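Asker: my questions are about this predicted structure, shown below with the sequence.
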Amino acid sequence: MNLASIIDGHQPDDVAIISRNQSTTYRELVELAGRARGGLSRLGVQQGDRVALVCANGRPFVASYLGILGIGAVAVPLNPTSPANELQRQLRVVGAKMAIVDRSAAASWAGVDRASLPALETVISVDGAGLADAVVAADMLDTSPVPMVDVADDHLAVLMFTSGTAGSPRAAMLTHRNLLSNLEQIATTVDRVGAHDVVYGVVPLFHIFGLNVVLGMGLYMGATVLLVQRFDPVTALESIRARGVTVVPGAPAMWLAFSHLDDAPADAFAGVRLASSGAAKLAVSAIERMRERFGVDIGEGYGLTEASPVVTSSSGIASRPGSVGVVLAGIEMRIVDDEGHDALVGDAGEIWLRGPNVFAGYLDDPEATARVLTDDGWLRTGDIGYCDDDGYVYLVDRAKDLVIVSGFNVFPAEVEEVLAEAPGVVDVGVVGIPHPHTGEAVKAFVVLAEGAELDEEALIDYVGDHLARYKVPSKILVVDELPRNANGKLLRSSLV
């Protein structure tokens with residue numbers, strides 16, 4: 001098997017990807033991937049070697065990714081806008097032999113100390129990056145195609161950095177079987193993408209959601225993926241209509257931005273048949289605004305890098321408020337209480353998972369791996385949730401984000417959901433802070449709508465009308481924006 005074979009067998013003249021207004025058919029992409037395999041091989045890349053992809057969403061990323069997998073090497077997608085020190089650390093951790101860098105990363109790459117990376121032998125400059133001491137991409141691709149190699153199903157395909165279930169960022173090891181099985185699980189469970197669909201691809205490809213759900217699923221089903229490097233809600237609507245986009249996956253930040261476009265026409269999403277949100281919890285208010293304003297029903301899902309990534313989905317089924325849908329076929333789920341027993345239906349506990357999509361562990365970190373993978377193959381996610389009688393899953397929060405006030409558990413997401421409904425509040429983040437009498441207290445950070453002013457006491461009273469007293473913030477601060485990662489997930493550790 002080889003995950004890169006997902007582009008084979010489709011209609012050769014159908015468009016596979018659109019990047020920078022350039023369409024690439026499946027025939028052309030197969031040829032391009034073959035030449036990428038040949039070029040990488042000519043430059044000395046062998047099975048098992050790690051190749052970093054420091055690129056934005058675009059054709060260079062896709063061709064390189066397929067080429068890397070196709071020769072049995074390991075792809076390491078990295079955020080091209082990360083600070084140089086972070087890129088340097090990640091390259092060192094994985095022992096990257098080669099880095100493929102586009103112009104979106106040129107500024108950050110300029111600060112990378114090549115001398116500190118003895119394993120890094122070659123840098124490929126693509127998309128006009130103009131890097132010094134680098135091979136130009138055209139040189140890499142100016143070669144004859146070489147055949148794709150077969151690899152074992154447990155052969156390492158991707159190293160994906162994630163803070164995930166184990167705290168500080170680690171490189172999660174995802175095999176060909178992990179990634180391909182999740183595509184199969186998605187395709188057999190939910191309202192799937194078809195060959196005639198056009199998928200809006202703005203989720204970063206260096207994130208597992210963008211890599212395997214947006215790009216991977218699109219190519220697996222023979223659809224067209226419209227690759228977008230930067231998100232702007234107004235421009236996005238224009239592209240969605242002009243390109244005939246039918247499938248829009250995205251993170252909550254994208255849907256929040258769309259929901260606040262008061263001047264957009266009511267039929268802006270008329271051609272969209274499938275809309276989904278992942279990577280973090282989407283506020284119910286945003287879901288309702290999208291439905292009322294544009295007639296768009298957003299299906300929420302749940303996943304994590306260590307699960308390749310999709311675990312549940314509500315796409316194509318009757319949605320239930322607050323639920324992230326049902327577990328995909330082929331994945332086992334347990335809700336485990338504090339004593340290690342299966343929780344009763346409706347009771348919250350830690351979500352445990354088992355299936356062929358569960359990752360192989362963290363690179364060179366057996367202790368962290370042992371903390372999250374049991375001997376019999378269960379992945380302890382660190383996420384807290386519960387199921388109803390019909391198997392719908394509801395997320396409560398991350399176990400590590402739990403705030404304990406006078407011995408009572410407070411889940412920040414619950415407080416955030418209430419505050420998000422308050423007049424004038426457009427974004428919110430909640431954390432726990434030390435308190436001399438209660439151990440911890442709840443502190444909230446809010447972003448206000450233009451022209452709105454903070455009445456801290458009124459907001460505190462508002463939360464008190466909806467939640468128990470111990471869950472009410474003792475302090476609410478106004479900030480210009482909340483710290484979020486490239487995929488829109490709130491970075492609670494950065495809230496101070």
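Answerer: Noted; the coordinates are in hand. Predicted model, so just to flag it, every value in this text is computed and none were measured. Numbers count the residues shown, from 1 in each chain.

Asker: check contacts around residue 386.
Answerer: 335, 343, 345, 346, 347, 348, 349, 393, 394, 396 (CB atoms under 8 Å, 6 or more residues apart in numbering). (Glycine included, C-beta is placed from N, CA and C.)

Asker: narrow the residues you listed to those in strands?
Answerer: Taking DSSP state E, the ones among the contacts of residue 386 that sit in strands are 335, 349, 393, 394, 396.

Asker: most neighbours out of those, which is it?
Answerer: The most crowded member of these, judged by other CB atoms under 10 Å, is residue 393 (25 neighbours).

Asker: was I right about residue 102 contacting residue 131?
Answerer: No - Residue 102 lies out of contact with residue 131 (CB atoms under 8 Å); the separation is 9.7 Å.

Asker: ok, the two, which is more surrounded?
Answerer: Between residue 102 and residue 131, counted using other CB under 10 Å, the more crowded position is residue 102 (27 against 20).

Asker: quick check, pLDDT for that one.
Answerer: Residue 102 carries a pLDDT score of 94 in this model.

Asker: do you know how far it is from residue 4?
Answerer: 20 Å (CB to CB, to the nearest Å).

Asker: could you do residue 305 as well?
Answerer: 20 Å.

Asker: between the two, who's got more neighbours?
Answerer: residue 4 (26 against 23).

Asker: helix/strand/coil for the more buried one?
Answerer: Under DSSP: H, G, I helix; E, B strand; the rest coil, residue 4 falls in the helix class.

Asker: over to residue 291?
Answerer: Per three-state DSSP, residue 291 ends up helix.

Asker: could you pull out the strands for the stretch 51-200 of the chain?
Answerer: In the stretch 51-200 of the chain, strands defined by DSSP state E, counting those that start in this stretch lie at 74-77, 98-101, 122-125, 135-136, 156-162, 170-175, 198-201, listed in chain order.

Asker: can you check the stretch 201-350 of the chain too?
Answerer: Here the stretch 201-350 of the chain has its strands, by DSSP E, counting those that start in this stretch, at 224-227, 247-250, 274-277, 298-303, 310-313, 326-327, 332-336, 349-354.

Asker: of those, which is nearest residue 147?
Answerer: strand 224-227 (24.9 Å; CB to CB).

Asker: within its sheet, name the partner strands of that closest one and how each one runs.
Answerer: Its sheet considered, strand 224-227 pairs with strand 15-19 (parallel), strand 198-201 (parallel) by DSSP bridges.

Asker: restricting to C-alpha, output the first one in CSV.
Answerer: Right, the one you point to is strand 15-19. Output in CSV follows, covering the C-alpha atoms of strand 15-19 (Å, rounded to 0.1, in the frame of the first residue of the first chain):
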residue,chain,number,x,y,z
VAL,A,15,-9.5,19.0,-12.0
ALA,A,16,-7.7,17.8,-8.9
ILE,A,17,-6.5,21.1,-7.4
ILE,A,18,-6.8,24.8,-8.1
SER,A,19,-4.0,26.9,-6.8
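
Asker: separation between the nearest residue to residue 264 once chain neighbours are set aside and residue 153?
Answerer: Distance criterion CB to CB, 6 or more residues apart in numbering; nearest residue to residue 264, sequence neighbours excluded, is residue 237 at 5.9 Å. As judged by CB to CB, residue 237 and residue 153 stand 41 Å apart.

Asker: so between these two, which is more surrounded?
Answerer: Set residue 237 next to residue 153 and count neighbours by other CB under 10 Å: residue 237 wins out with 18 against 14.

Asker: can you map out the helices along this structure?
Answerer: Remark: helices assigned in the chain by DSSP state H are 26-42, 59-70, 84-94, 106-109, 137-141, 176-189, 208, 217-220, 233-242, 252-259, 284-294, 366-372, 412-420, 456-464.

Asker: out of these, which comes closest to residue 389?
Answerer: Across the helices of the chain, closest to residue 389 is helix 176-189 (CB to CB), at 19.5 Å.

Asker: residue 483 - how many residues pack around it?
Answerer: Residue 483 has 15 nearby residues by other CB under 10 Å.

Asker: kindly report the same for the one 10 residues further on.
Answerer: Burial of residue 493 is recorded as 13 neighbouring residues (other CB under 10 Å).

Asker: now swap in the one 3 residues further on and tell me
Answerer: Burial of residue 496, expressed as a neighbour count using other CB under 10 Å, amounts to 9.

Asker: from residue 429, how far off is it?
Answerer: 11 Å.

Asker: same deal with residue 284?
Answerer: Taking CB to CB, one finds residue 284 at 17 Å from residue 429.

Asker: more neighbours, those two?
Answerer: residue 429 (23 against 14).

Asker: which residues sit in contact with that one?
Answerer: Taking CB under 8 Å, 6+ apart, we find residue 429 in contact with 412, 416, 444, 445, 482, 483, 490, 492, 495.

Asker: try residue 124
Answerer: Contacts of residue 124 (CB under 8 Å, 6+ apart): 43, 64, 98, 99, 100, 101, 134, 135, 136, 137, 140.

Asker: which of the residues you listed lies closest to residue 378?
Answerer: Closest to residue 378, out of all of the contacts of residue 124 and judged by CB to CB, is residue 64, at 34.6 Å.

Asker: show me the domain layout of the chain.
Answerer: Per the record, the chain has its domains at 21-151, 179-353+383-398, 402-494, by automatic domain parsing.

Asker: end to end on the shortest one, go ahead and measure it.
Answerer: Chord length of domain 402-494, first to last residue, is 16 Å (CA to CA, to the nearest Å).

Asker: report the separation between residue 20 and residue 137.
Answerer: 14 Å.

Asker: give me the more crowded residue out of these two.
Answerer: A side-by-side neighbour count of residue 20 and residue 137, using other CB under 10 Å, places residue 137 first with 22 against 10.

Asker: the more buried one contacts residue 125, correct?
Answerer: Yes - between residue 137 and residue 125 a contact is recorded at 6.3 Å, counting by CB under 8 Å.

Asker: let's have the contacts of residue 124 in CSV, adding distance to residue 257.
Answerer: Formatted as CSV, these follow (distance: CB to CB, whole Å):
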residue, distance to residue 257
43, 41
64, 30
98, 36
99, 32
100, 30
101, 29
134, 36
135, 38
136, 37
137, 33
140, 37
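
Asker: of these, buried ones?
Answerer: Buried subset of the contacts of residue 124 (neighbour count, 16 or more other CB atoms under 10 Å): 43, 64, 98, 99, 100, 101, 134, 135, 137, 140.

Asker: quick revisit: check the contacts of residue 386 and tell me the two furthest apart.
Answerer: It's 345 and 396 that sit farthest apart of the contacts of residue 386, by CB to CB, at 14.7 Å.
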